[in-house]
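Student: I need the structure of the sequence given here:
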Amino acid sequence: MEYTRLGETGLEVSRLCLGCMNFGTSQPWMTHDREQSLDVIDRARERGINFFDTANIYSTGESEEILGEAIEEYDRSELAIATKVYFPMRDGPNGGGLSRKHVLDQAQASLDRLGTDYIDLYQIHRWDDETPISETLSALDHLVDEGVVRYVGASSMPAWKFTKALYEADVENYERFVSMQCEYNLVDRHEEANVLPACRDQGIGVIPWSPLAGGFLSGKYERGEKPEEGRAATDEYTRERFTEDGWAVLDVVRELADEKDATPTQVSLAWLLHKELVDAPIVGPKSVDHLDEDVGALDVDLTDEEMERLEAPITPVWNRDIGDV
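Tutor: So this is what the prediction gives:
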């Protein structure tokens, strides 16, 4: 395994982050077998992965509980555990959002589910238009002062809102966001026209989610065929990648995979790993074999010409509604 620093911090994280959204039972495409989920986490540690990402909303806490059970036997000081807050965890007042009350309540709930004394990276899952950003930053700053959070990060928002939060933190001397978790892969490159330039300018670490575009870039789907399995079988958002531009990208991915004796998954991840701004793509394998395939991406080299071939079919444009993704 290779390691890097998260953004401009001193925190060392593996070049691949294990995403834990698939661990739970709230969606049909998730890994419903708890033991299988634990096996994947154990294999990740065997392969040197120390960076794990989850969220309170993933299967309404079940993902955090599974991750917490898995890490009991490991040296906590070696691990970088990330989770998130924003989406409603229950019906009724104060069930969601980024108010001081909800942030502090959910931080404690996540600590309990994870079975740990602190969270390495606590992220706001989305922007909350109903709560002043100063209130949210104050709550996050308090958590850092209390020692239950080490770093704070953000996820999926327009660049102007993100930079507003960075400015507010600087002016008020609040803890500053050190990372951005955004959708980024070969067919979803809209963030190149949105938040990624801001991240480069401000020294923010980038940890892309959906690096395989919901499985599209793994090559498991074919033109003109209705998906019968995988996430695309039930998830309309994943099927949005089934465009002519998307298939054109996948054609190049498959060509390079054949040339390099690799898989489409490995080539797609390697493209992200070759991006200087990217610290650690968040992979979401549901089996040990899938995890081993993901780790193999670290051995795939891409030339500048090959990077250009992969990028040629798509011109990045910011046109996403990311509120509920």
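
Student: can you list the weak-confidence ranges in the stretch 201-325 of the chain?
Tutor: Residue ranges of the stretch 201-325 of the chain with pLDDT under 70: 224-225, 227-237, 320-325.

Student: all helices for it, in order.
Tutor: 236-239, 244-259, 264-273, 288-295, 304-311 (DSSP state H, counting those that start in this stretch).

Student: Which of these sits closest to Thr116?
Tutor: helix 288-295 (22.4 Å; Cβ to Cβ). Where you see a C-beta, it was placed from the backbone N, CA and C, and this is true even at glycine.

Student: list the buried ones in the closest one?
Tutor: The neighbour-count check on helix 288-295 (16 or more other Cβ atoms under 10 Å) flags Val288, His290, Leu291, Glu293, Asp294, Val295 as buried.

Student: Does it pack against any helices or strands, and if so which?
Tutor: helix 34-46, helix 264-273 (3 or more Cβ pairs under 8 Å, 6 or more residues apart in numbering; DSSP states H and E).

Student: Figure out which of the ones you listed is closest to Glu192.
Tutor: With respect to Glu192, and counting by Cβ to Cβ, the nearest of the helices and strands packed on helix 288-295 is helix 264-273 at 12.2 Å.

Student: Tell me which other helices or strands the closest one touches.
Tutor: Checked by 3+ Cβ pairs under 8 Å, 6+ apart, helix 264-273 has helix 244-259, helix 288-295, helix 304-311 packed alongside it.

Student: let's see it at 6 Å
Tutor: Counting contacts by 3 or more Cβ pairs under 6 Å, 6 or more residues apart in numbering; DSSP states H and E, helix 264-273 packs against helix 244-259.

Student: could you pull out the strands for the stretch 151-300 of the chain?
Tutor: 177-181, 205-206, 282-283 (DSSP state E, counting those that start in this stretch).

Student: if we can go back for a sec, tabulate the helices of the stretch 201-325 of the chain (TSV), appending distance to Ile124.
Tutor: Shown next, in TSV, are these (distance: least, Cβ to Cβ, whole Å):
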stretch	distance to Ile124
helix 236-239	21
helix 244-259	29
helix 264-273	23
helix 288-295	27
helix 304-311	30
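
Student: To Leu111, which of those lies closest?
Tutor: Nearest to Leu111, of all the helices of the stretch 201-325 of the chain, is helix 288-295, at 26.4 Å by Cβ to Cβ.

Student: Off-centre distance for the closest one?
Tutor: Distance, stretch centre to chain centre, for helix 288-295: 17 Å (Cα atoms, centre = their mean, to the nearest Å).

Student: relative to helix 264-273, how tilted is it?
Tutor: Between helix 288-295 and helix 264-273, the angle formed by their directions is 40 degrees, by axes from the mean of the first three to the mean of the last three Cα atoms, to 10 degrees.

Student: relative to helix 34-46, how tilted is helix 288-295?
Tutor: Using the same axes, to 10 degrees: helix 288-295 against helix 34-46 is 30 degrees.

Student: Ala312 is in contact with Asp245, correct?
Tutor: No: in this structure Asp245 lies outside contact range of Ala312 using Cβ atoms under 6 Å: 10.2 Å.

Student: any idea which of the helices and strands packed on helix 288-295 is most buried?
Tutor: helix 264-273 (a mean of 25; mean count of other Cβ atoms under 10 Å).

Student: can you list contacts of it?
Tutor: 186, 208, 211-212, 217-219, 253-254, 256-257, 278, 281, 293, 296-297, 300, 302, 310 (Cβ atoms under 6 Å, 6 or more residues apart in numbering).

Student: Near Pro132, how many other residues are there?
Tutor: 12 (other Cβ atoms under 10 Å).

Student: confidence score at it?
Tutor: Per-residue confidence (pLDDT) for Pro132: 98.

Student: do the same with the one 10 residues further on
Tutor: According to the model's per-residue confidence, His142 sits at a pLDDT of 98.

Student: and what of the one 3 residues further on?
Tutor: Reported pLDDT at Asp145 in the predicted model: 98.

Student: Kindly confirm my reading that it is in a helix.
Tutor: Yes: when DSSP: H, G, I helix; E, B strand; the rest coil is applied, Asp145 is found to be in a helix.

Student: Pull up the gap between it and Leu104, please.
Tutor: 12 Å (Cβ to Cβ, to the nearest Å).

Student: And for Leu269?
Tutor: In terms of Cβ to Cβ, Leu269 sits 36 Å off from Leu104.

Student: show me where the stretch 51-200 of the chain has helices.
Tutor: Under DSSP H, counting those that start in this stretch, the stretch 51-200 of the chain gives helices at 62-71, 100-114, 133-146, 159-172, 196-202.
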